[in-house]
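Undergrad: For reference, the sequence and a predicted model appear below.
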Amino acid sequence: MRTFKKGNRVRILILLLLIGVYGNAQQPDSICGRKVIYDGSGKILSWFSPEIPGAGYDHVIKLASEFLLETPIEPQTGLPMYFVTCCFKGPHMTPDKSFEARRWIHNPACVFAGSVESFAVQYYAYTGDRRYIQMVREMLDYQLEHGTTPENYKWANVPYASANPFETEYYGATWWHGKRGDGYNTIEPDKVGELGYAYLKFYQITKETKYLEAAIQCADALAKNIREIKPVTSDLENYEVRIGKSPWPFRVNARTGEIFDQYSSNVLEPVKLFRELIRIKEWINLSEEKSTGYKNATEIAWNWLFGKNGPLRTFVWNGYFEDVDYDPQLANRVQITPVELAKYLTVNPEYDTNPEIHIPALLYYAVSAFKTEGMDAMNEQLWCYRPMGSHSARYASACALWYEKTGNEWFKDQAFRYLNTATYMTYDNGVVAVGPDYLASWFSDGYSDYVRHFIDVLAAVPEWAPADENHLLRSSSVIQQISYEGNKIVYTTFDGPSTEKFRLQKKPSEILFGDRKIKENSDLKEESWKWENLKTGGVLTVSYSAGSNQTKTIVL
C-alpha cells in the first residue's frame, strides 16, 4: 500500500487564508428549523447528542434509511414515490402536513445506483437488515423492465438516466427539450457506467445472473462507443478541439447515436465498471475479447482524465446533473466529480502516479470554489449554487478518507465540521431536506447519495461510530450475508480473501474462517486480525487470505 507523508501544517494554514475556507460571514442560528449547536470555539456540532462526537451520524442515517423503507405512495400511479419522481415535499412544507410528490425531472439511474451503494452494500452490512436488499432489488428490477433501451439501438440495453415526472416508463426526460432534461431516447453514458457498476455489485451480493448480464451490457455499450480524445500539440487548435470533447459525451441519442452534449468529465464511473469486470473475469467467465475491449476503453478514458486536455489539467469539471441546461460552452462547474475522484484515488492510489498531489488539489479546489459563505457546507454546482447535505457529506467523507491515509488533522476537522452540518438536513421523521435553503427532499440528495458518505466517515474515523453497538464499517469485498447474533457476527463475502473493519463493544474471543481459527497479529501479516482499544470497546481489523464460500465468524 502506498504511504503518504503528513502535510506541512504551516503551508496548509496559509493556503486556507488564501482561499478563504474560514470565512468571516455570520454563522447561522438555525438550519432547517433546528437550532444550531456550536462548541466554545464556534465549531458546529451535530444536533443529536452533540456532546458525543459522531453520535449524530449513526442517528441520522438510521432515520433516513428507515424512512426510505416506508416511502410514501404516489397516488396517481400507486407506486413508491422514488419510482416516478425525483423529489417530494415533507409535512414541514405542506399545509395539511402530508407528503406531496413534486413535478420535476426524475433521475432514476442515479437514485437506484446510489441506493445499491448506500443500502445494499453499506447499510445492510452495517445493520444486517435484509429488507434493504429487497428494496434495492425492486429498484433495479424496475429500471431493467421500464427504463432500458431496446437491443436494436446504437446504445443497446442500457439505462435511461432521466424520465418525466409521474410517468411509469423511462425514456429520457423531455421537459423543455433543448434546455433542461435529456430529451426523448437520450441517455447519459456516465450514468450507464454508474448504474452498470451498481448492477455488478448487486450481482456480487445476490449471485443473480440477470444483474451480471445487465452490467456486461452496459460495459459493452461503453466500450463500443468510446472516443479517443488525443492531446493536441498546437496552441492554434480551437477550444472545442482542445477541451470541448470527452471520451463519452454527456448526452447522446441512444437510438441514432446523435450527440447533444459533447462533454462530461465523469469518466470514473465507466472505468470502475470495466475494472471490476476485469478483476473478476475468471469467476464470471468473461471472454478475452471483452476483457481486452474493456482494458482498451479504460486506458483511453484514464489517459484523457490525466492528460493535457483532461479535467485534472484543465479543471473543467462539467456534465453530471440530469436537469441542467445543455451547456455547449462548458460554463457550469460541478464538485461531485472531482470529490468522488478524490475518494477513489485515496482508496486506489495505484491508479495515480501522484496521488499525494492530486487528491489534496481536488479537495482544495472543491472547498475553495463551492464552500458556502459563513457555513461549513458545500454548494452543489455553479448553476445551482446552494448548500446541500449530500454534497457536504461527500466532501466530509473524502476528507475523512484522506485523514485516515495521511494522519493530517486538518482533514479530520473538515470531515467533522461538514458532516455535522449535514446532520441538520434530517428531520426526526426521517425526511431529509436537500439543504438549509432548499427544504424539499430529493431521493438522491437525501437518501441514496447521503447515507453512504456517513458510513465512509465512520469507517475512516471509527471512534465516531457507536461505542455501545457492533457494526461492520468497511469490507474490501461485497458482503453477501451478515447477521448480528447475540455474541456472534456471522457473515459471508463475495471474495474469499478480504479485509473487514468493525467497531465492537469488546475484543473478540476468537475469529473463525469456516472451521479454521484466525490468529491475532498486530501487523496483519498474512491471515490474521488486530485489535485497537478505544475508550469504550474498540476497532477490529481482520484479514482473510484465501478460500471462498466459507462463513466468517466473529465471536465476542
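TA: Cool, the structure landed.
Undergrad: and stretch 120-137, which residues are buried?
TA: Of all the residues in stretch 120-137, those buried under the rule 16 or more other Cβ atoms under 10 Å are 120-129, 132-133, 135-137. For every residue, glycine as well, the C-beta is placed using N, CA and C.
Undergrad: One more: stretch 378-393?
TA: The neighbour-count check on stretch 378-393 (16+ other Cβ under 10 Å) flags 378-382, 384, 386-393 as buried.
Undergrad: Most widely separated two among those?
TA: Largest separation among the buried residues of stretch 378-393 by Cβ to Cβ: 382 and 393, giving 20.1 Å.
Undergrad: can you tell me which of the buried residues of stretch 378-393 are in strands?
TA: Among those, DSSP state E puts 378-381, 384, 386-388 in strands.
Undergrad: What is the nearest of the buried residues of stretch 378-393 to residue 360?
TA: Among the buried residues of stretch 378-393, and counting by Cβ to Cβ, the member closest to residue 360 is residue 378, at 16.4 Å.
Undergrad: So that closest one sits against residue 368, correct?
TA: No: using Cβ atoms under 8 Å, residue 378 is not in contact with residue 368, being 11.2 Å away.
Undergrad: anything in contact with each of the two?
TA: With contacts defined as Cβ atoms under 8 Å, 6 or more residues apart in numbering, no residue is shared by residue 378 and residue 368.
Undergrad: how about residue 327, what does it touch?
TA: Counting by Cβ under 8 Å, 6+ apart, residue 327 makes contact with 261, 263, 318-319.
Undergrad: Could you rerun that using 10 Å?
TA: Taking Cβ atoms under 10 Å, 6 or more residues apart in numbering as the criterion, residue 327 is in contact with 250-251, 261-263, 318-319, 383.
Undergrad: pLDDT on stretch 315-327, on average?
TA: In this model, stretch 315-327 has a mean pLDDT of 95.
Undergrad: didn't residue 91 look like it was pressed against residue 99?
TA: Yes: here residue 91 reaches residue 99: they are 6.9 Å apart, a contact under Cβ atoms under 10 Å.
Undergrad: For the chain, which element, helix or strand, carries the lowest mean pLDDT?
TA: Every helix and strand of the chain was ranked by mean pLDDT, DSSP states H and E. The lowest is helix 9-19, at a mean of 47.
Undergrad: just checking, next helix/strand downstream of that one?
TA: strand 30-31 (DSSP states H and E).
Undergrad: Got the confidence number for residue 236?
TA: Per-residue confidence (pLDDT) for residue 236: 55.
Undergrad: Now residue 527. Its backbone dihedrals?
TA: Backbone torsions of residue 527, given as degrees, to the nearest 10, read phi -90, psi 110.
Undergrad: Run a quick neighbour tally on it.
TA: 18 (other Cβ atoms under 10 Å).
Undergrad: Tell me the buried residues in stretch 471-485?
TA: Buried residues in stretch 471-485 (16+ other Cβ under 10 Å): 471-475, 477-480, 482, 484.
Undergrad: Pull up the distance across that stretch, start to finish.
TA: One end of stretch 471-485 to the other measures 12 Å (Cα to Cα, to the nearest Å).
Undergrad: Then stretch 472-480?
TA: 13 Å.
Undergrad: Tell me how far it lies from the chain's centre.
TA: Mean-position distance between stretch 472-480 and its chain equals 15 Å (Cα atoms, centre = their mean, to the nearest Å).
Undergrad: swap in stretch 201-219?
TA: 19 Å.
Undergrad: cool, and stretch 48-61?
TA: 21 Å.
Undergrad: Can you give me the buried ones in that stretch?
TA: 48, 50, 54-61.
Undergrad: And those, which two are furthest apart?
TA: For these, the maximum inter-member distance is 16.9 Å, found between 50 and 61 (Cβ to Cβ).
Undergrad: returning to that earlier point: so which of the buried residues of stretch 378-393 is the closest to residue 39?
TA: residue 392 (18.2 Å).
Undergrad: Against residue 262, how distant is that closest one?
TA: Distance, residue 392 to residue 262, using Cβ to Cβ, to the nearest Å: 31 Å.
Undergrad: still on that earlier bit, what residues do residue 91 and residue 99 have in common as contacts?
TA: Listed as contacting both residue 91 and residue 99 by Cβ under 10 Å, 6+ apart are residue 431.
Undergrad: list the buried ones in stretch 62-76?
TA: 62-65, 67-68, 71-72, 74.
Undergrad: coming back round to it: now distance to residue 275 too, for the ones in strands among the buried residues of stretch 378-393, in TSV please.
TA: Output for these, formatted as TSV (distance: Cβ to Cβ, whole Å):
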residue	distance to residue 275
378	27
379	31
380	28
381	27
384	31
386	34
387	33
388	29
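Undergrad: of the contacts of residue 327, buried ones?
TA: 250-251, 261-263, 318-319.
Undergrad: got the buried residues for the helix or strand hosting residue 272?
TA: Following DSSP H and E, one finds residue 272 within helix 268-279. Across helix 268-279, burial judged by 16+ other Cβ under 10 Å covers 268-278.
Undergrad: before we move on, what about stretch 500-520?
TA: Going by neighbour count (16+ other Cβ under 10 Å), the buried part of stretch 500-520 is 500-504, 508, 511-513, 518.
Undergrad: name the helices or strands packed onto the strand or helix carrying residue 141?
TA: Assigned by DSSP H and E, residue 141 belongs to helix 131-146. Where contact means 3 or more Cβ pairs under 10 Å, 6 or more residues apart in numbering; DSSP states H and E, helix 131-146 is packed against helix 55-69, strand 79-80, helix 108-115, helix 124-127, helix 189-206, helix 209-224.
Undergrad: hmm, back to that, could you single out the nearest of the buried residues of stretch 471-485 to residue 346?
TA: Minimum distance to residue 346 across these is 12.8 Å, recorded for residue 474 (Cβ to Cβ).
Undergrad: and the one helix or strand the closest one maps to, which strands flank it?
TA: Per DSSP H and E: residue 474 is located in strand 471-475. Sheet pairing for strand 471-475, assigned by DSSP bridges, gives strand 498-504 (antiparallel).
Undergrad: could you dump the strand it pairs with to CSV, C-alpha only?
TA: C-alpha atoms of strand 498-504 as CSV (Å, rounded to 0.1, in the frame of the first residue of the first chain):
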residue,chain,number,x,y,z
SER,A,498,-11.0,-9.9,2.2
THR,A,499,-10.3,-7.4,4.9
GLU,A,500,-13.0,-6.0,7.2
LYS,A,501,-13.1,-3.3,9.8
PHE,A,502,-15.6,-3.4,12.7
ARG,A,503,-16.4,-1.2,15.6
LEU,A,504,-17.2,-3.6,18.5
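Undergrad: could you give the angle of it to helix 55-69?
TA: For strand 498-504 against helix 55-69, the angle by axes from the mean of the first three to the mean of the last three Cα atoms, to 10 degrees is 110 degrees.
Undergrad: which outside residues touch the helix or strand following strand 498-504?
TA: Following strand 498-504 in sequence order, the next helix or strand is strand 510-513 (DSSP H and E). Residues from elsewhere that reach strand 510-513, judged by Cβ under 10 Å, 6+ apart: 488-490, 496, 498, 517-520, 527-529, 540, 542, 544-547, 550-556.
Undergrad: Give me the buried subset of those.
TA: The neighbour count (16+ other Cβ under 10 Å) marks 489-490, 496, 498, 518, 527-529, 540, 542, 544, 550, 552-554 as buried among these.
Undergrad: Relative to residue 362, which of those residues is nearest.
TA: For these, the nearest to residue 362 is residue 498 (28.2 Å; Cβ to Cβ).
Undergrad: What residues does the closest one make contact with?
TA: Here residue 498 is in contact with 475-479, 491-492, 513, 542-545, 548, 552 (Cβ under 10 Å, 6+ apart).
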